[in-house]
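# mind looking at a prediction? Sequence and model below.
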Amino acid sequence: MKFAVRYLKNTFYPLNLPDSMKLEDGQMVIVRTEKGEEALKAFIVNSQIEKIWEHSKNKPEPLPVIRTMTQRDLQTLEEIKKEEVTAYFKCQALVKQHKLSMNLVQCRITFDRRKITFYYTAPERVDFRALLKDLTQVFTRVRIDLRHIGVRDETSILEGVGLCGQPFCCSSFLRKFATINVKLAKDQGMPIAPGKISGTCGRLLCCLTYEYSNYIDAAKGMPPIGSSVMTTEGLGKVCYLQFMSGTVAVKMEDGKTKEFDKNDIEMVDADVNVEIDVPAINNYQDEDSSNIDIKQLEDDKNSSTGNV
């Protein structure tokens, strides 16, 4: 029976167990990583994870298991969590003292207490040499690492629930972030409004990429909005497209709007005397977002640094 743990950017790492060790699904173990000793939950490898490893170009190296966690280890883990909170506020106070333009996100301490990592976001590169000097005086006999991360990375660390009611994709299964721009939302007929197409991170929703190729395929053979078409009931202008159902809403010359299958209409080079409104779904604005530039939601250098 194979076991694995989830570690670093939702990556599943196989476990290298000593011959005499027996594990149960969900049991906590101490593993040796490149960052030091870590306490992680082991689980039985299922067929889905096997497929991920099979199709992965770089299958993660197995992590050696030092031991299963004892009651004393679990108490130590609770102590470390409290130490992380204390260290976070101490570092935050020093950041304010040095007047640095950085937002401290989280503090992590390895199980062996040999390394402490502070994750932060910042609009520009930060000169934290003076801060690091003070930190070494506060936290002695430990390696200190200050890591600059992006706003998407921050959200993946803090976790939470998205607009869909499900846990954030970035903190549950996404291993890397795709570049996302407003065009993806427009091509899918979504409301171009910050509150509708952006996540907690302040960037465009990761899920805009999930079904994009399906929408592109569905849009093939569909006439552009505003084009003149001949339908089975006469001339009209296209006012809305239903990609998934393959239907086209057409405003007829009598002012009525009717839906037709995309295969039942034909574009014509004719001047149809019909006025159409830009669909509300493409002209939507949040009440509190009139001053927000939609381009600010697109990915930039501060979206993700890959330092998590």
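All right, it came through fine.

# quick check: residue 184 touching residue 204?
Yes. With contacts counted by C-beta atoms under 8 Å, residue 184 reaches residue 204, the gap being 7.3 Å. Any C-beta I mention is one placed from the backbone N, CA and C, and that applies to glycine too.

# who touches both of the two?
Common neighbours of residue 184 and residue 204, using C-beta atoms under 8 Å, 6 or more residues apart in numbering, do not exist here.

# now the helices for the chain?
47-55, 71-97, 129-138, 151-158, 169-172, 182-187, 194-197, 212-219 (DSSP state H).

# I'd like those helices as JSON lines, with distance to residue 110 and mean pLDDT appended.
Output for these, formatted as JSON lines (distance: least, C-beta to C-beta, whole Å; pLDDT from 0 to 100):
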{"stretch": "helix 47-55", "distance to residue 110": "25", "mean pLDDT": "86"}
{"stretch": "helix 71-97", "distance to residue 110": "8", "mean pLDDT": "97"}
{"stretch": "helix 129-138", "distance to residue 110": "16", "mean pLDDT": "96"}
{"stretch": "helix 151-158", "distance to residue 110": "16", "mean pLDDT": "91"}
{"stretch": "helix 169-172", "distance to residue 110": "20", "mean pLDDT": "89"}
{"stretch": "helix 182-187", "distance to residue 110": "39", "mean pLDDT": "87"}
{"stretch": "helix 194-197", "distance to residue 110": "38", "mean pLDDT": "86"}
{"stretch": "helix 212-219", "distance to residue 110": "39", "mean pLDDT": "86"}
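
# need the winner for burial among the ones you listed.
helix 151-158 (a mean of 21; mean count of other C-beta atoms under 10 Å).

# same for that helix, what does it pack against?
For helix 151-158, the contact count by 3 or more C-beta pairs under 8 Å, 6 or more residues apart in numbering; DSSP states H and E identifies strand 103-109, strand 115-121, helix 169-172 as packing neighbours.

# can you put these in JSON lines and add distance to residue 46?
Listed next are the helices and strands packed on helix 151-158 as JSON lines, based on distance: least, C-beta to C-beta, whole Å:
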{"stretch": "strand 103-109", "distance to residue 46": "28"}
{"stretch": "strand 115-121", "distance to residue 46": "31"}
{"stretch": "helix 169-172", "distance to residue 46": "16"}
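
# please identify the deepest-packed of the ones you listed.
Of the helices and strands packed on helix 151-158, strand 115-121 is the most buried (mean count of other C-beta under 10 Å), at a mean of 20.

# same for it, what does it pack against?
Against strand 115-121 (3+ C-beta pairs under 8 Å, 6+ apart) you get helix 71-97, strand 103-109, strand 143-148, helix 151-158.

# now it - C-alpha only, CSV.
Extracted in CSV, the C-alpha atoms of strand 115-121 (Å, rounded to 0.1, in the frame of the first residue of the first chain):
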residue,chain,number,x,y,z
LYS,A,115,14.0,27.5,10.3
ILE,A,116,11.4,30.3,10.5
THR,A,117,9.9,31.7,7.3
PHE,A,118,8.1,35.0,7.0
TYR,A,119,5.9,35.4,3.9
TYR,A,120,5.0,38.9,2.8
THR,A,121,3.6,40.9,-0.2
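
# the inter-axis angle of that strand versus helix 151-158?
Following axes from the mean of the first three to the mean of the last three C-alpha atoms, to 10 degrees, one obtains 130 degrees for the angle between strand 115-121 and helix 151-158.

# who does strand 115-121 pair up with?
strand 103-109 (antiparallel), strand 143-148 (parallel) (DSSP bridges).

# residues contacting residue 63?
Residue 63 neighbours (C-beta under 8 Å, 6+ apart): 5, 7, 13-16, 31-33.

# for it, which non-adjacent residue is spatially closest?
Spatial nearest neighbour of residue 63, chain neighbours left out: residue 31 (4.4 Å); criterion: C-beta to C-beta, 6 or more residues apart in numbering.

# and for residue 143?
residue 115 (4.5 Å).

# from what I can see the one you found touches residue 139, true?
No. Shown here, residue 115 and residue 139 do not form a contact pair, counting by C-beta under 8 Å, at 10.2 Å.

# quick one on the thing from earlier: could the strands paired with strand 115-121 be laid out in TSV, adding mean pLDDT and distance to residue 299?
Listed next are the strands paired with strand 115-121 as TSV, based on pLDDT from 0 to 100; distance: least, C-beta to C-beta, whole Å:
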stretch	mean pLDDT	distance to residue 299
strand 103-109	96	18
strand 143-148	95	16
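
# at the geometric centre of the chain, which residue sits there?
residue 170 (3.4 Å; C-alpha atoms, centre = their mean).

# next one: the residue lying closest to it once chain neighbours are set aside from residue 164, what distance?
Closest residue to residue 170 apart from its sequence neighbours, by C-beta to C-beta, 6+ apart: residue 156 at 3.8 Å. Between residue 156 and residue 164 the computed distance is 16 Å (C-beta to C-beta, to the nearest Å).
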